[in-house]
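**Q** Fold the following.
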Amino acid sequence: MARIPYADTTRPETAALAERIVAERGEILHLYAMLLHSPPVAEGWLTFLTAIRQRCNLPGAVRELVIVQVAHLNGARYEAEQHVPIALREGVTQAQLDALPDWRSADVFDARERAILAYCDAMTREIHVPPAIFADLREHLDPRAIVELTATVGAYNMVSRFLEAIGIDSADDTSATEAGTAR
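**A** Sure thing, here's the model as predicted:
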């Protein structure tokens, strides 16, 4: 359960942004219902994450594989719940998702995916990526893909930390806002 109430998305200062979120995401997810407490933060977040998810050249399967791995590493259940279905639609297999907790000993990842997962793990756990891991990644990805992968891992570490610090849960009732109004 969230540690603070969700924002009232019908407030005049958030209504237009709430409409944009619905247009870009299909609905106001719990994450955005919380972010709307600060319209500038919500707007920046939406713009950045839309770029990551919809405007980059990084293949969807790679993007979603690392998003789910970040969620796993950070214990961010809500993030995983949101992205596992997307990962499956993008071509990540159920066997790969199941193997993520112990991916190094699983035989369902090719050399490119292993380099990507090692990079994701190092960025998330250690922050400072060891030279050997980066060198292996360079064998598989061009500079643009490395930048987009790095931004994706960084962005979803931000997402998971925000979700977990505030306690956002998909079972929360987002109509229980600070103003007490229903949406």
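**Q** what separates L137 from R114, distance-wise?
**A** 10 Å (Cβ to Cβ, to the nearest Å). In short, each C-beta sits where N, CA and C put it, glycine included.
**Q** Contacts only, for E139.
**A** For E139, the contact set (Cβ atoms under 8 Å, 6 or more residues apart in numbering) comprises A115.
**Q** just use 31 as the starting number from now, easier for me
**A** Got it, the first residue is 31 from now on, which makes the last one we talked about E169.
**Q** What score does it have for pLDDT?
**A** On pLDDT, E169 comes in at 98.
**Q** for D203, same thing?
**A** D203 is given a pLDDT of 89.
**Q** Let me know the secondary structure of it.
**A** Three-state call for D203 (DSSP: H, G, I helix; E, B strand; the rest coil): coil.
**Q** What about it, how many residues nearby?
**A** By other Cβ atoms under 10 Å, 12 other residues sit near D203.
**Q** ok so, going back, between L167 and R144, which one's more packed in?
**A** Between L167 and R144, counted using other Cβ under 10 Å, the more crowded position is L167 (21 against 15).
**Q** wait, doesn't the more buried one sit right on E143?
**A** No - counting by Cβ atoms under 8 Å, L167 does not reach E143; the two are 11.2 Å apart.
**Q** quick one on the thing from earlier: mutual contacts of L167 and R144, please.
**A** With the criterion set as Cβ under 8 Å, 6+ apart, the contacts of L167 and R144 do not overlap.
**Q** Show me which helix runs longest in the protein.
**A** helix 173-196 (DSSP state H).
**Q** Could I get the average pLDDT for it?
**A** Here the average pLDDT along helix 173-196 is 98.
**Q** tell me how far that helix is from the chain's mean position?
**A** When distances are taken as Cα atoms, centre = their mean, to the nearest Å, helix 173-196 is centred 6 Å away from the chain's centroid.
**Q** Many thanks, have a good one.
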